[in-house]
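Novice: Kindly generate the corresponding structure for this input.
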Amino acid sequence: MTAEPIDLPAPEVLRQPETKPRAATRRPRLVAPLRADVAAPEPLPPLPTVDGGFKTVLADPPWRFANRTGKVAPEHRRLDRYDTMTLDQICDLPVSDVVADAAHLYLWVPNALLPEGLRVMEAWGFRYISNLVWAKRRKDGGPDGRGVGFYFRNVTELILFGVRGSMRTLPPGRSQVNMIETRKREHSRKPDEQYDLIEACSPGPFLEMFARYPRDGWQVWGNEAADDVQPRGQRHRGYAWDVAHPQADIEVGSYAQATEVTDVVHTDVAAAPEAERGDAAADS
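Specialist: Model prediction:
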C-alpha cells in the first residue's frame with residue numbers, strides 16, 4: 001500500500017507574522033544635573049602653625065570616588081554636596097611643614113580607598129603603624145546595615161594611624177582597643193568618641209583638618225568649623241582654625257582648591273542599579 005503525498009502549505013504560510021522590533025532600552029546615565037545655586041569652589045586657607053609643630057593631627061579628607069567605568073561617582077540632587085578633592089590635591093597639602101618632628105596622624109579613609117589613604121599618609125611624612133575601626137551600630141546594638149558597597153554592605157570605616165619620627169602612644173593607649181562602636185549620626189559625620197580616644201593616646205598640640213565643629217583644646221581647619229556655620233553642605237562665611245590658639249602664626253600660601261568637607265559622593269550610588277555602582281561605593 002502506497003501512502004499518498006500530503007500537501008503542505010507554502011513556506012510563506014508557515015512564517016510567523018512579523019513583529020515590530022523592540023526599541024533598545026538603556027539605563028539612565030548616573031549624572032547629576034548642574035546646579036545654578038552652587039558657587040565656585042573657594043581656595044583652602046593656609047594650614048595653621050604652632051611653635052614646635054603639631055604633635056597630633058586628625059584628618060577626614062573629602063575623598064573623590066569613581067565607579068567601575070572610571071567616571072567620578074555622581075552627586076545626588078536631593079542632598080547638598082561637598083566639593084571633593086583629587087588624590088594629588090590631598091597629597092599636596094603641606095602637612096609635613098606644620099607638624100613636629102615626632103607626631104601622630106589619625107587619617108580617616110573609606111574601605112575602598114585604603115591604598116590611596118596609605119599614599120596620603122606617606123606624602124604627609126608619616127609611616128603606617130596600625131588602624132582603628134569604627135563599627136556603626138543600630139539603636140539595639142546590632143550592626144547598621146544601611147551601608148552600601150558593590151561586594152559587601154559596609155558597616156565600618158577606618159582610621160589609619162601613622163607616626164612621624166619616633167613616638168609611642170601615651171600609657172592609656174597601650175590598653176586601648178582599636179575599635180569604636182557607636183551609632184551613625186548625620187551624613188558623613190564621624191563619632192565624637194574619637195576625640196576622647198585620641199586625647200588619651202596622643203599628646204598635643206592637636207590639629208583637626210577638614211573639621212566640622214570647633215573643639216576646646218584643638219585648632220581646627222576646614223569649612224564647617226566656625227560657630228556660625230551649619231554643617232552638611234551649607235555655604236559659609238569663613239573658616240575657623242584658631243579655637244585653641246587664636247594667636248597662632250598663619251603661613252601665607254596658595255594651596256589646592258576645595259570647599260566643604262566630606263568623603264561622601266559614593267554614598268548616593270546606593271540608589272543606582274547594581275551594575276552601575278563602583279567598587280568604591282562603600283558607606284561613609
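Novice: Please report phi then psi for Ala59.
Specialist: phi -140, psi 140 (degrees, to the nearest 10).
Novice: could you measure the closest residue in space to it that isn't next to it in sequence against Leu58, distance?
Specialist: Spatially, and ignoring its direct neighbours in sequence, Ala59 is nearest to Met209 (4.0 Å; C-beta to C-beta, 6 or more residues apart in numbering). (Each C-beta comes from the backbone N, C-alpha and C, glycine too.) Distance, Met209 to Leu58, by C-beta to C-beta, to the nearest Å: 7 Å.
Novice: which residues touch Asn178?
Specialist: Going by C-beta atoms under 8 Å, 6 or more residues apart in numbering, Asn178 touches 130-133.
Novice: typed the wrong thing, it's Tyr195
Specialist: 215, 218 are the contacts of Tyr195 under C-beta under 8 Å, 6+ apart.
Novice: Got the phi and psi for it?
Specialist: According to degrees, to the nearest 10, Tyr195 has phi -70, psi -50.
Novice: Count residues in the vicinity of Ala112, would you?
Specialist: Applying other C-beta atoms under 10 Å, we find 20 residues neighbouring Ala112.
Novice: low-confidence ranges in the stretch 1-150 of the chain?
Specialist: Low-confidence segments of the stretch 1-150 of the chain, defined by pLDDT under 70, span residues 1-42, 66-82, 138-149.
Novice: Okay, strands next: where are they in it?
Specialist: 54-59, 99-109, 127-137 (DSSP state E, counting those that start in this stretch).
Novice: follow-up on the earlier one: let me have the contacts of Asn178 in TSV, extended by distance to Ser175 and neighbour count.
Specialist: Formatted as TSV, the contacts of Asn178 follow (distance: C-beta to C-beta, whole Å; neighbours: other C-beta atoms under 10 Å):
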residue	distance to Ser175	neighbour count
Ser130	14	11
Asn131	17	16
Leu132	14	20
Val133	17	14
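Novice: from those residues, which two are the most distant?
Specialist: The largest separation in these, counting by C-beta to C-beta, is between Ser130 and Val133 at 10.4 Å.
Novice: Quick check: buried residues in stretch 92-108?
Specialist: Neighbour counts over stretch 92-108 (16 or more other C-beta atoms under 10 Å) mark 93, 95, 98-100, 103-108 as buried.
Novice: and which of those is nearest Leu158?
Specialist: Set against Leu158, the nearest of these by C-beta to C-beta is Trp108 (7.3 Å).
Novice: That closest one: what's it in contact with?
Specialist: For Trp108, the contact set (C-beta under 8 Å, 6+ apart) comprises 59-61, 157-160, 190, 263.
Novice: Who does it form a beta bridge with?
Specialist: Using DSSP bridges, the beta-bridge partners of Trp108 come out as Ile159.
Novice: What's the separation between it and Phe206?
Specialist: Trp108 is 15 Å from Phe206, by C-beta to C-beta.
Novice: any idea which element Glu181 lies in?
Specialist: strand 179-183 (DSSP states H and E).
Novice: Can you get me a residue count around the closest residue to Phe54 other than its chain neighbours?
Specialist: Among residues not flanking Phe54 along the chain, Leu207 sits closest, at 4.2 Å (C-beta to C-beta, 6+ apart). Residues near Leu207, counting by other C-beta under 10 Å, number 30.
Novice: Given the helix or strand containing Leu207, what are its sheet partners and their directions?
Specialist: Applying DSSP H and E as the criterion places Leu207 in strand 206-209. Sheet pairing of strand 206-209 (DSSP bridges) gives strand 54-59 (parallel), strand 218-221 (parallel).
Novice: my guess is Asp101 meets Arg164, correct?
Specialist: Yes: counting by C-beta atoms under 8 Å, Arg164 is a contact partner of Asp101 at 7.1 Å.
Novice: what about the stretch 151-284 of the chain, any weak spots by pLDDT?
Specialist: 184-189, 223-284.
Novice: make it 50
Specialist: Scanning the stretch 151-284 of the chain with the threshold set as pLDDT under 50 gives 228-284.
Novice: can the contacts of Asn178 go into a markdown table with extra columns for distance to Pro43?
Specialist: Output for these, formatted as a markdown table (distance: C-beta to C-beta, whole Å):
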| residue | distance to Pro43 |
| --- | --- |
| Ser130 | 34 |
| Asn131 | 32 |
| Leu132 | 31 |
| Val133 | 34 |
